[in-house]
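K.L.:
Predicted model and sequence below, questions to follow.
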Amino acid sequence: MDLASMAALGAGIAALGVIGGGIGTGIAAGRAAEGISKQPEASGKIMSAMIVGGALSEATAIYGFLIGLLLILFGVRG
C-alpha cells in the first residue's frame, strides 16, 4: 500500500465521525422534543441543554471532517 491509498483509507475511517455526529444530534433532538411534550414548563432548560449537546456532537463531526480532508490533501501530495 502506498501513502495515497492509506490516506484515503484513513479519510474513510474519519468520515465515520461525521456519521456519528449526525446520529447523535438526531437522537438529542428527538429526546428533547419528547421531554418538552411531557413537561412544557421545562422547555427552556431542555432546549439549552440540547443546544449545548448538539454543539458538542457537531464539533466532533467537524473534527472528523477536517481530519479526513487533511488526510486526502496531504496524502495525495505525499
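P.N.:
Perfect, thanks for sending it. Numbers count the residues shown, from 1 in each chain.
K.L.:
avg pLDDT for stretch 22-39?
P.N.:
If you average the pLDDT over stretch 22-39, you get 91.
K.L.:
Actually, stretch 43-58.
P.N.:
Mean predicted confidence for stretch 43-58 is 90.
K.L.:
Restricting to C-alpha, output it in CSV.
P.N.:
What follows is stretch 43-58 as a C-alpha-only set of coordinates in CSV (Å, rounded to 0.1, in the frame of the first residue of the first chain):
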residue,chain,number,x,y,z
SER,A,43,-38.8,23.7,27.7
GLY,A,44,-36.2,26.5,28.3
LYS,A,45,-33.8,24.2,30.3
ILE,A,46,-34.4,21.3,27.9
MET,A,47,-33.6,23.4,24.8
SER,A,48,-30.5,24.9,26.3
ALA,A,49,-29.1,21.5,27.3
MET,A,50,-30.0,20.2,23.8
ILE,A,51,-28.2,23.1,22.1
VAL,A,52,-25.0,22.5,24.2
GLY,A,53,-25.1,18.8,23.5
GLY,A,54,-25.8,19.4,19.8
ALA,A,55,-22.9,21.7,19.6
LEU,A,56,-20.5,19.2,21.1
SER,A,57,-21.8,16.5,18.8
GLU,A,58,-21.4,18.6,15.7
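K.L.:
List the buried residues for it?
P.N.:
Going by neighbour count (16 or more other CB atoms under 10 Å), the buried part of stretch 43-58 is I46, M50, G53, G54, S57. All C-beta spots, glycine's among them, are computed from the backbone N, C-alpha and C.
K.L.:
Which strand or helix spans the first one?
P.N.:
Counting by DSSP states H and E, the secondary-structure element that holds I46 is helix 43-77.
K.L.:
And A32, how far from A8?
P.N.:
Distance from A32 to A8, counting by CB to CB, to the nearest Å: 37 Å.
K.L.:
before we move on, the earlier item: what would the buried residues of stretch 43-58 look like in a markdown table with distance to I36?
P.N.:
Below are these laid out as a markdown table (distance: CB to CB, whole Å):
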| residue | distance to I36 |
| --- | --- |
| I46 | 5 |
| M50 | 9 |
| G53 | 14 |
| G54 | 15 |
| S57 | 19 |
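K.L.:
quick revisit: report all helices and strands that the helix holding I46 contacts.
P.N.:
Contacts defined by 3 or more CB pairs under 8 Å, 6 or more residues apart in numbering; DSSP states H and E place helix 43-77 against helix 3-38.
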